[in-house]
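Q: task: produce atomic coordinates for the following.
(2 chains)
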Amino acid sequence: DTEVTQTPKHLVMGMTNKKSLKCEQHMGHRAMYWYKQKAKKPPELMFVYSYEKLSINESVPSRFSPECPNSSLLNLHLHALQPEDSALYLCASSQAGQGQNIQYFGAGTRLSVL
Amino acid sequence: GDSVTQMEGPVTLSEEAFLTINCTYTATGYPSLFWYVQYPGEGLQLLLKATKADDKGSNKGFEATYRKETTSFHLEKGSVQVSDSAVYFCASDTGRRALTFGSGTRLQVQP
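A: Down below sits the predicted model:
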């Protein structure tokens, strides 16, 4: 099983809303990632968690708040977003050991900010 | 810094044609290399990988060989199908637990 499950698949929110994206995997992976992908562009790394601790934050604005409550779950809390934050948000997971960076991606959440 | 360069698309081919999508990389050391495929409206799927020089990754008729001397990892398929229409991303593992992606190449296969 190489499945990474993301919910919801689609999300429309206003600039004053608070919402959360959810990601789940049951492959025993201890590294999890959030990426942002704009149309016709490659994914851009946002955050990396390793053993449930935040290890990389690519200077993402504070209106995006990641959380890793356990080794299978990864959340991305959204608050006061801007229209330019509309994008496909992808979650990925991998083993955490050195040289074990085969990342498996979810189908993504397509976010529209009005 | 590390980077991955892919050929510009879109690439438009007829069914059963031969496919090559070029990919070159720059990196310190010897990164692992990947090809991911993204079908319309979906996330990325790992297509194939190679972890060291001269390794050949293969899957679903696609192949790519890790060439250290030319720092390349070109994707090939002998006979494409309409169902292969997608965006293909070449990526390298920077070793800092982040993938560096190329810009992506859109493939359109016509019946």
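
Q: let me see the contact set for the residue of chain B found nearest chain A.
A: Going by Cβ to the nearest Cβ, chain A is nearest to B:Phe101 of chain B, at 3.7 Å. (Glycine included, C-beta is placed from N, CA and C.) For B:Phe101, the contact set (Cβ atoms under 8 Å, 6 or more residues apart in numbering or on different chains) comprises A:Pro42, A:Pro43, B:Val4, B:Tyr36, B:Phe89, B:Cys90, B:Ala91.

Q: can you do 10 Å?
A: By Cβ atoms under 10 Å, 6 or more residues apart in numbering or on different chains, B:Phe101 lies in contact with A:35, A:37, A:41-45, B:3-4, B:6, B:34, B:36, B:44, B:89-92.

Q: can you check A:Lys22 too?
A: With contact taken as Cβ under 10 Å, 6+ apart, A:Lys22 is in contact with A:Thr5, A:Gln6, A:Thr7, A:Pro8, A:Leu73, A:Leu74, A:Asn75, A:Leu76, A:Cys91, A:Gly106, A:Thr109.

Q: could you point out the helix or strand that follows the helix or strand where it lies?
A: Take DSSP states H and E as the rule and A:Lys22 turns out to sit in strand A:18-25. For strand A:18-25, the succeeding helix or strand toward the C-terminus, using DSSP H and E, is strand A:31-37.

Q: buried residues, that next one. List them.
A: The neighbour-count check on strand A:31-37 (16 or more other Cβ atoms under 10 Å in any protein chain shown) flags A:Ala31, A:Met32, A:Tyr33, A:Trp34, A:Tyr35, A:Lys36, A:Gln37 as buried.

Q: what bridges to the second one?
A: A:Met32 has the following beta-bridge partners by DSSP bridges: A:Tyr49, A:Ser93.

Q: okay, it and A:Asn75: tell me how far apart.
A: According to Cβ to Cβ, to the nearest Å, A:Met32 stands 10 Å off from A:Asn75.

Q: run through the chain and note the low-pLDDT ranges.
A: Using chain A. Across chain A, residues meeting the criterion (pLDDT under 70) sit at A:1-2, A:98-100.

Q: look at chain B instead
A: By pLDDT under 70, the weakly predicted segments of chain B are B:96.

Q: which bits of it sit near chain A?
A: B:4, B:6, B:9, B:31-32, B:34, B:36, B:38-39, B:41-46, B:49, B:51, B:87, B:89-104, B:106 (Cβ under 10 Å from any Cβ of the partner chain).
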